[in-house]
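The following comprises the amino acid sequence and a computationally predicted model.
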Amino acid sequence: MDTIPAWRSIRFSILDRSRVRRDQSHPEALRETVEFARLAEEWGYHRFWVSEHHSVPGVAGSAPTVLAAAIAAATSRIRVGTGGVMLPNHQPLVVAEQFGVLESLYPGRIDMGLGRSVGFTDGVRRALGHDKRDAEDFDAQLTELLAYFTGGRRGVHAWPAEGLRVPAFLLATGSGAERAARFGLPLVIAAVSGEDAMVEAIDRYRAEFRPGPGGDEPYVVLSGSVVIADTTAQAHRLLLPEAWSAAWSRTRGEFPALLPPEVIEREPMTDRQRALFDDALRGHIHGPEAQVLAELDRLIRRTEADEFLVHTSTYDRTARLESHRRLADAVGLRVSA
């Protein structure tokens, strides 16, 4: 039996959404993200990605390519990218140009993570000039975007992107796994629909993969929340703020700023909010180091993932940073770096 832990053979990276805490400004949250990236590089993480959200009170990350530029300027080695740019919200030409500029300024360090979600509400979608139907044209948009890096389209060139190699990753939602296989791109997937469904999607991706811009072999990035604390109870408590924000957004239509756990514990909940809250607390890897490493080993063996993308939010900024540092030390990232 193989006694070498599965997590020793994969990369670990970070996705940060610039979550806003109660009584914190959006600019403060963005500056925290840049500082977090500096620490992630010091700790040995492979990538640091930022996300795209619009008109969300609890998330400051609205312009991922701009934020990625600030992070790349503040670091020197870690790969920097997006998790992801929501392609239906943008013209492919503009996206190609933005990543072309990033790659030109920080060669060999830029990743282009792409998703197909549109605005959170009808009002946001109207403000962006798009609607849900735009996501149906994703294949055409993706084809056009990738073409700008190889030779342009119909006499249109996305300078300075043309001829540059910017690795593209596809975030899996719905049919995302099959699409990533068809386009020959690395797959970024989370266990949002349950672990069995995730494994089935990964299996389909590997079975249907065609060599493409992402390489000759499939590449799976598993995305999940990981919290390390001295006890399982302490780690579980750190998960409460994000779970409550998720439940609130599903019932109030607005993703709020993160609240302290002690406030959430006193917060009255409807039956539906309680069900959503409890559901949002499932599926996280949390506890002391030994417990977290055992669960990572099990999950990575089952999925045969190539990389783990950690996305963890909580109200306590110090505890979150300490969790990421402890994970890096536990899996030996600093030694590898």
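Sure thing, it's come through.

who's in contact with S51?
By CB atoms under 8 Å, 6 or more residues apart in numbering, the residues touching S51 are L15, D16, R17, S18, V59, G61, P64, T82, G83, G84. Any C-beta I mention is one placed from the backbone N, CA and C, and that applies to glycine too.

So which of those sit within strands?
L15, D16, T82 (DSSP state E).

Flag every buried residue along the helix or strand where W244 lies.
Secondary structure assignment for W244, by DSSP states H and E: helix 240-252. For helix 240-252, burial by neighbour count (16 or more other CB atoms under 10 Å) applies to L240, P241, E242, A243, W244, S245, A246, A247, W248, S249, R250.

Give me the distance from the host helix or strand of M112 to the chain's centre.
In the assignment (DSSP H and E), M112 maps to strand 110-115. With CA atoms, centre = their mean, to the nearest Å as the basis, strand 110-115 stands 10 Å off its chain's centre.

Run through the neighbouring helices and strands of it.
For strand 110-115, the packing partners by 3 or more CB pairs under 8 Å, 6 or more residues apart in numbering; DSSP states H and E come out as strand 47-50, strand 79-82, strand 85-86, helix 92-105, strand 168-171.

now, of those, which is deepest in the fold?
Highest mean neighbour count among the helices and strands packed on strand 110-115 (mean count of other CB atoms under 10 Å): strand 47-50, with a mean of 27.

which residues are contacting that strand?
The set of residues that contact strand 47-50 without belonging to it, under CB under 8 Å, 6+ apart, is 11, 13-18, 33, 36-37, 40-41, 61, 64, 67-68, 71, 75, 78-84, 111, 113, 309.

Recalculate using a threshold of 6 Å.
Here strand 47-50 makes contact (CB atoms under 6 Å, 6 or more residues apart in numbering) with 13-16, 37, 40, 61, 64, 67-68, 78-83, 113.

which of the contacts of S51 lies closest to R298?
R298 has its nearest neighbour among the contacts of S51 in L15, at 21.7 Å by CB to CB.

related to what we said a few turns ago, check the helices and strands packed on strand 110-115 for me: which has the lowest mean pLDDT.
The minimum mean pLDDT among the helices and strands packed on strand 110-115 belongs to strand 85-86 (a mean of 92).

for that one, packing partners?
Using 3 or more CB pairs under 6 Å, 6 or more residues apart in numbering; DSSP states H and E, no helix or strand is in contact with strand 85-86.

could you redo the last one with a cut-off of 10 Å?
Contacts defined by 3 or more CB pairs under 10 Å, 6 or more residues apart in numbering; DSSP states H and E place strand 85-86 against helix 64-74, helix 92-105, strand 110-115.

What is the least confident helix or strand in this protein?
Every helix and strand of the chain was ranked by mean pLDDT, DSSP states H and E. The lowest is helix 122-128, at a mean of 65.

after that one, next one along is what?
That would be, after helix 122-128 and using DSSP H and E, helix 138-148.

How about that following helix, which residues are buried there?
In helix 138-148, counting by 16+ other CB under 10 Å, buried: F138, Q141, L142, E144, L145, L146, A147, Y148.

Next, work out how far apart the third one and L222 are.
Using CB to CB, to the nearest Å, one gets 22 Å for the distance from L142 to L222.

any idea of the mean pLDDT for stretch 196-211?
94.

ok, and what's touching it?
Residues outside stretch 196-211 that contact it (CB atoms under 10 Å, 6 or more residues apart in numbering): 170, 172, 174-187, 189-194, 215-220, 222-224, 283, 299, 302-305.

Can you flag the buried ones in these?
Buried by 16+ other CB under 10 Å: 170, 172, 176-187, 189-191, 218-220, 222-224, 299, 303, 305, out of the contacts of stretch 196-211.

Of the residues you listed, which belong to helices?
Residues from the buried ones among the contacts of stretch 196-211 lying in helices, with DSSP state H as the criterion: G176, A177, E178, R179, A180, A181, R182, F183, L299, T303.

I'd like the distance between the residue located most distally from the centre of the chain and P27.
Farthest-out residue of the chain from its mean C-alpha position, per CA atoms, centre = their mean: G155, at 34.0 Å. Here G155 is placed at a distance of 41 Å from P27 (CB to CB).

can you list the weak-confidence ranges in the chain?
In the predicted model, the chain carries pLDDT under 70 at residues 1-2, 55, 119-136, 152, 174, 191-193, 335-337.

Mind listing residues that contact the helix or strand where H286 lies?
Using DSSP H and E, H286 falls within strand 285-287. The contact list for strand 285-287 (CB under 10 Å, 6+ apart) reads 224-239, 291-296, 298-299, 308, 310, 312, 323, 327.

Try it again at 6 Å.
Contact partners of strand 285-287, identified using CB under 6 Å, 6+ apart, comprise V226, V227, T232, A235, V292, E295.

Name every strand pairing with that strand and say which way it goes.
strand 226-228 (parallel) (DSSP bridges).

What's the first helix or strand after the strand it pairs with?
helix 232-238.

Export only the CA atoms of that following helix, formatted as PDB.
Extracted C-alpha coordinates of helix 232-238, given in PDB (Å, rounded to 0.1, in the frame of the first residue of the first chain):
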ATOM      1  CA  THR A 232     -12.200  20.900  15.300                       C
ATOM      2  CA  ALA A 233     -14.600  23.100  17.300                       C
ATOM      3  CA  GLN A 234     -12.500  26.200  16.800                       C
ATOM      4  CA  ALA A 235     -12.100  25.500  13.100                       C
ATOM      5  CA  HIS A 236     -15.900  24.900  12.700                       C
ATOM      6  CA  ARG A 237     -16.600  28.300  14.400                       C
ATOM      7  CA  LEU A 238     -14.400  30.000  11.800                       C
END
